[in-house]
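Enquirer: Predicted structure and sequence below. I'll ask about it afterward.
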Amino acid sequence: MKAVKSKERKPLSVPVVLTCVAALAVSCLCLFAARWYVSTYGNTGFDSILFTLQSSLTGTESTLLRRFLIRAVMPGLCAAGAISIALFYWPREFGFLRRLNGLLGAVIALGLSAVMTVNAAVIVELDEYIVDMMLESELFEDEYVDPDTVQITFPQEKRNLVYIMLESMEISYLSEALGGGQEHNLIPELYELALNNTNFSHNDQVGGFHETSGASWTIGAMVAQTAGIPLKTPEDVEDWQNGYGKDGVFLPGVTNLTSILKDAGYHTSLMVGSDASFGGRKTYYETHGCDEIYDIVTAWKDGIVPSGYFVWWGMEDLYLFEYAKQELTEIAAQDQPFAFTMLTVDTHHIGGYQCEYCTDEYEETYEQSISCSSRQVLDFLQWLQEQPFYENTTVVITGDHCSMDKGYFDRNVDEDYQRMVYNVIINAPVSSSNTKNRQYCAMDLFPTTLAALGCQIQGNRLGLGTNLYSNVPTLAEKYGIERFNELLGRSSDYYAANFY
């Protein structure tokens with residue numbers, strides 16, 4: 001009897017195979033990129049990722065892209081290649097695996113792609129973001145206080161403002177005995193400043209404020225601290241494609257601290273050690289009336305560092321503080337009050353930057369950067385106190401958000417420790433007996449900063465923020481921080497209609 005040969009499967013067409021390979025490549029890239037992002041930055045929420053995706057990469061730290069390519073893109077493409085070879089290109093002698101060269105191989109490829117894509121989405125909390133966008137919040141309708149509708153009365157002699165925003169500065173850098181999460185106190189200078197001046201605390205020691213949705217990265221924190229609102233990415237495709245800052249404006253419907261001070265006759269300025277264009281910072285401050293913006297590019301022109309000089313994110317904080325001294329001296333000589341904001345960068349993840357002022361007191365390089373930053377801030381403050389304009393100047397020192405150096409905290413801080421953002425207000429003409437055991441966030445710094453300049457604020461509320469010098473409860477205290485944060489993350493028609 002003649003043996004019956006089994007029919008050999010027809011191979012898939014080239015377009016189908018290419019489609020499957022492309023799907024595997026995209027899904028592998030998504031999975032490896034998601035795992036890299038969370039292992040590097042921690043769970044910052046998908047809103048921060050979405051904003052990063054639509055922002056320009058101009059000014060990005062010099063090694064960050066390389067690390068992403070090495071640790072996410074290359075492994076993702078290698079994994080996709082290996083799976084594609086296993087499913088479609090095994091030689092005949094491997095028998096069973098060769099029989100996958102057909103419809104079954106395509107089904108497995110597309111199934112794996114779907115599983116990896118869903119896994120990536122869960123890792124970066126895209127599922128939670130989608131749910132939040134499907135749920136409408138009326139928080140803004142119920143609680144937002146438009147600064148244009150509130151009477152803000154400045155003192156007869158307007159006070160100057162020096163606002164120092166410290167990259168990733170948080171309370172966990174204190175020792176456990178002082179309420180922090182470390183074996184040693186990494187920031188003794190900042191601790192003493194907070195202890196001896198006005199520090200609004202979440203406990204009965206030196207403490208800080210909660211990081212909330214829409215304020216977990218630098219530009220989000222800047223918006224929250226100066227406008228009293230979270231930073232939400234546009235919800236429709238047209239606005240998303242334009243992006244913040246790409247069409248020349250950034251939240252044009254918002255009245256913020258800079259615009260209020262500008263209208264009150266202040267000279268307003270922003271100084272960063274990196275490229276101010278990164279993350280839309282330059283556009284945000286220009287949109288709201290900032291007179292001068294200083295960054296690494298202007299530092300080249302002004303001779304602070306040599307032309308083309310670029311390390312880390314731009315220039316080290318040691319040059320930033322010298323630049324600030326130079327410009328503050330010139331600004332203070334003008335016949336008008338000033339509001340000068342500066343942002344440090346040496347304590348940025350990963351591992352911080354070690355400048356010539358850093359010591360080798362600690363094992364971790366990140367700890368050296370944190371400790372060095374604390375010393376440099378005190379040195380700068382002591383310089384300020386020696387200036388003739390200091391007597392009429394309020395100084396606000398605050399972190400922007402909690403650190404994103406996930407690896408460092410996994411190694412050194414108990415996972416149950418509640419991390420808070422650092423703050424202190426110095427030389428303000430007002431005081432408060434209600435500074436301890438407060439529940440508040442970055443948005444409360446908006447009206448609080450104005451109050452620290454001696455302003456009287458009708459109702460003591462601006463944006464979603466509350467003047468902490470008053471006895472009015474913050475929204476975090478009113479709703480509870482978890483519920484408040486949940487409402488902040490939801491979709492808002494009011495936000496889209498009034499602020500974009």
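Expert: Done, it's in. Note that the coordinates shown come from a computational prediction; the quantities given were computed from them, not determined experimentally. Numbering: from 1, shown residues only.
Enquirer: which residue is nearest the centroid of this protein?
Expert: Trp217 (0.9 Å; C-alpha atoms, centre = their mean).
Enquirer: List phi and psi for that one.
Expert: When read as degrees, to the nearest 10, the backbone of Trp217 gives phi -140, psi 170.
Enquirer: In this structure it contacts His401, no?
Expert: Yes - applying C-beta atoms under 8 Å, one finds Trp217 in contact with His401, separated by 6.2 Å. Backbone N, C-alpha and C define where each C-beta goes, glycine included.
Enquirer: re earlier: any idea of the pLDDT on the residue nearest to the centre of the chain?
Expert: At Trp217, the model reports a pLDDT of 90.
Enquirer: repeat for Arg281
Expert: Predicted confidence (pLDDT) for Arg281: 91.
Enquirer: element containing it?
Expert: Assigned by DSSP states H and E, Arg281 belongs to helix 281-287.
Enquirer: Show me what that helix is in contact with.
Expert: Residues from elsewhere that reach helix 281-287 (C-beta atoms under 8 Å, 6 or more residues apart in numbering): 218-219, 222-223, 244-245, 248-252, 258, 268, 270, 272, 276-277, 293, 295.
Enquirer: repeat that with 10 Å
Expert: Applying C-beta atoms under 10 Å, 6 or more residues apart in numbering, the external contacts of helix 281-287 come out as 58-59, 218-219, 222-223, 226-227, 231, 243-252, 254, 256, 258-259, 268-270, 272, 274-277, 280, 290-293, 295, 297, 341, 343.
Enquirer: In strands, which of those residues appear?
Expert: In this view, the contacts of helix 281-287 that belong to strands under DSSP state E are Thr268, Ser269, Leu270, Val272, Glu292, Ile293, Thr341, Leu343.
Enquirer: quick one: which of these is most hemmed in?
Expert: Val272 (30 neighbours; other C-beta atoms under 10 Å).
Enquirer: so what does whichever strand or helix holds Val424 touch, helix or strand wise?
Expert: Secondary structure from DSSP H and E places Val424 in strand 423-426. Helices and strands touching strand 423-426, by 3 or more C-beta pairs under 10 Å, 6 or more residues apart in numbering; DSSP states H and E, are strand 160-166, helix 188-196, helix 365-385, strand 393-399, helix 445-452.
Enquirer: Ranking those by mean neighbour count, which comes first?
Expert: Burial of the helices and strands packed on strand 423-426 is given as mean neighbour count (mean count of other C-beta atoms under 10 Å); helix 445-452 ranks first at a mean of 27.
Enquirer: for stretch 226-233, the distance to its chain's centre please.
Expert: The chain centroid and the centroid of stretch 226-233 are separated by 12 Å, computed with C-alpha atoms, centre = their mean, to the nearest Å.
Enquirer: repeat for stretch 187-205
Expert: For stretch 187-205 - counting by C-alpha atoms, centre = their mean - the centre lies 23 Å from the chain centre.
Enquirer: what ranges of the stretch 51-200 of the chain fall below the confidence cut-off?
Expert: Within the stretch 51-200 of the chain, the segments meeting pLDDT under 70 span 51-64, 90-102, 132.
Enquirer: ok so, going back, of the contacts of helix 281-287, which belong to helices?
Expert: Residues of those located in helices (DSSP state H): Thr218, Ile219, Met222, Val223, Thr226, Ala227, Thr258, Ser259, Val297.
Enquirer: Leaving out chain neighbours, which residue sits closest to the fourth one?
Expert: Put plainly, it is Val223. Spatial nearest neighbour of Val223, chain neighbours left out: Leu231 (4.5 Å); criterion: C-beta to C-beta, 6 or more residues apart in numbering.
Enquirer: can you give me phi and psi for that neighbour?
Expert: phi -90, psi 120.
Enquirer: what's the spacing between it and Tyr422?
Expert: According to C-beta to C-beta, to the nearest Å, Leu231 and Tyr422 sit 20 Å apart.
Enquirer: try Ser491
Expert: The value you get for Ser491 to Tyr422, if C-beta to C-beta is used, is 31 Å.
Enquirer: Among those two, which residue is more densely surrounded?
Expert: Neighbours per residue (other C-beta under 10 Å) separate Ser491 from Tyr422, with Tyr422 holding more: 28 against 14.
Enquirer: What's the local residue count around Gly407?
Expert: If you count neighbours by other C-beta under 10 Å, Gly407 ends up with 15.
Enquirer: swap in Ser470?
Expert: Neighbours of Ser470 using other C-beta under 10 Å come to 18.
Enquirer: sorry, back to before: between the helices and strands packed on strand 423-426, which one is closest to Ala106.
Expert: Nearest to Ala106 among the helices and strands packed on strand 423-426 is helix 365-385; the distance by C-beta to C-beta comes to 46.9 Å.
Enquirer: List the contacts of the spatially closest residue to Leu126 that is not a sequence neighbour.
Expert: Using C-beta to C-beta, 6+ apart and skipping residues adjacent in sequence, the residue nearest Leu126 is Phe46, 5.1 Å away. Applying C-beta under 10 Å, 6+ apart, we find Phe46 in contact with 53, 121, 124-130, 132-133, 233, 489.
Enquirer: Adding distance to Val150 and neighbour count, write those out as JSON lines.
Expert: Listed next are those as JSON lines, based on distance: C-beta to C-beta, whole Å; neighbours: other C-beta atoms under 10 Å:
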{"residue": "Leu53", "distance to Val150": "36", "neighbour count": "11"}
{"residue": "Ala121", "distance to Val150": "41", "neighbour count": "18"}
{"residue": "Val124", "distance to Val150": "38", "neighbour count": "22"}
{"residue": "Glu125", "distance to Val150": "35", "neighbour count": "20"}
{"residue": "Leu126", "distance to Val150": "37", "neighbour count": "18"}
{"residue": "Asp127", "distance to Val150": "38", "neighbour count": "13"}
{"residue": "Glu128", "distance to Val150": "34", "neighbour count": "15"}
{"residue": "Tyr129", "distance to Val150": "32", "neighbour count": "19"}
{"residue": "Ile130", "distance to Val150": "35", "neighbour count": "12"}
{"residue": "Asp132", "distance to Val150": "29", "neighbour count": "21"}
{"residue": "Met133", "distance to Val150": "30", "neighbour count": "16"}
{"residue": "Thr233", "distance to Val150": "27", "neighbour count": "22"}
{"residue": "Gly489", "distance to Val150": "26", "neighbour count": "24"}
